[in-house]
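Student: Pasting the sequence and the predicted coordinates here, then a few questions.
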Amino acid sequence: MLLLRIISALVGIPLVLLSVHLGGPWYALLLLVVVNLGVYEYNTILKAGGYSVPALVGHFGVTMFIVVLYFQEYIFLLPLVMLLFFFLFVFTLLHIETVNITEAALAFWGIIYIGGLCGYILLLRMQPEGDLYTYMLLFGVWINDTLAYFIGKKWGTRELAPQISPKKSVEGSLAGIAGAVVIFMAGAIFFPGTFNINPGLAVILAMGITVFAQLGDLMESALKRKLGVKDAGSIIPGHGGVLDRFDSLMLAAPFVYYFFMLVNML
């Protein structure tokens, strides 16, 4: 399992970094693939739990989120949300005997969860220094995930959230946070031209990324545990599904986006 994780990382990480470097349509295309695979996995999880949701509306919704944000047509965001709500509302009325309101709500929630949060990953890259911001997001999450996994596996004894994810430990969680803080602070001190923020802000950024990354991981774990599913998918050998790999990024991205927006305003 560990070897598969390492091989997948050696293949996947360069591809992600290349897409960040290229930006533009290449990066948007990657996110289009991610959100649609994410919706497929989300619907599969719900089906395993006994829920049936209209798959096409989910794929349409997340795709349109990325398209609208990429072309910066923000005026269409609210109409898009209302259109999706109206469609699910009508769909529920027309299939009242087979579809309940809970399933429609879960379909709507999945679109916001996947399309909305991944939209921030796109918006972050579209900023004037978006490549740098995105690299910070990625490295912060990867540092957290790596240290939390290995430290937790080796020395973890206290369960972080036993009812949600028994394998996650307090020691692993703290190691992920502390490791990112140390690396980000050192980067700000020794490479100020690259980091472009002072050590104090680097500490806040690292803590925010890791805390939100862990919350994102727990959120997806809670969904899977509630519906009795181990992994969201199996497309990434040794790692599970796309949601298993992007859940941390999805919740950390809005924090990084608004963090730099606030920093640049001050």
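Tutor: Great, that's in hand. Residues are numbered from 1 along each chain as shown.

Student: ok, C118 - contacts?
Tutor: Contacts for C118 (CB atoms under 8 Å, 6 or more residues apart in numbering) come out as 31, 34-35, 38, 62, 65-66, 246, 250, 253. Where you see a C-beta, it was placed from the backbone N, CA and C, and this is true even at glycine.

Student: Tell me the one of those nearest L94?
Tutor: V62 (22.8 Å; CB to CB).

Student: Tell me which stretches of this protein form strands.
Tutor: Assignment of strands within the chain using DSSP state E yields the ranges 159-161, 165-169.

Student: Let me know which of those is the nearest to V242.
Tutor: Across the strands of the chain, closest to V242 is strand 165-169 (CB to CB), at 18.3 Å.

Student: What is that closest one packed up against?
Tutor: If you count contacts as 3 or more CB pairs under 8 Å, 6 or more residues apart in numbering; DSSP states H and E, strand 165-169 packs onto helix 130-155, strand 159-161, helix 199-226.

Student: mean confidence for stretch 61-80?
Tutor: In this model, stretch 61-80 carries a mean pLDDT of 96.

Student: do the same with stretch 32-52
Tutor: Mean pLDDT, computed over stretch 32-52, is 91.

Student: try stretch 106-116
Tutor: Mean predicted lDDT for stretch 106-116 stands at 95.

Student: As PDB, could you dump the C-alpha coordinates of that stretch?
Tutor: The C-alpha coordinates for stretch 106-116 follow below in PDB (Å, rounded to 0.1, in the frame of the first residue of the first chain):
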ATOM      1  CA  LEU A 106     -27.900  16.000  -0.900                       C
ATOM      2  CA  ALA A 107     -27.600  16.500  -4.700                       C
ATOM      3  CA  PHE A 108     -27.600  20.300  -4.200                       C
ATOM      4  CA  TRP A 109     -25.100  20.100  -1.300                       C
ATOM      5  CA  GLY A 110     -22.800  18.000  -3.400                       C
ATOM      6  CA  ILE A 111     -22.700  20.600  -6.100                       C
ATOM      7  CA  ILE A 112     -21.800  23.300  -3.700                       C
ATOM      8  CA  TYR A 113     -19.400  21.100  -1.800                       C
ATOM      9  CA  ILE A 114     -17.400  20.000  -4.900                       C
ATOM     10  CA  GLY A 115     -18.000  22.700  -7.500                       C
ATOM     11  CA  GLY A 116     -18.100  25.700  -5.100                       C
END
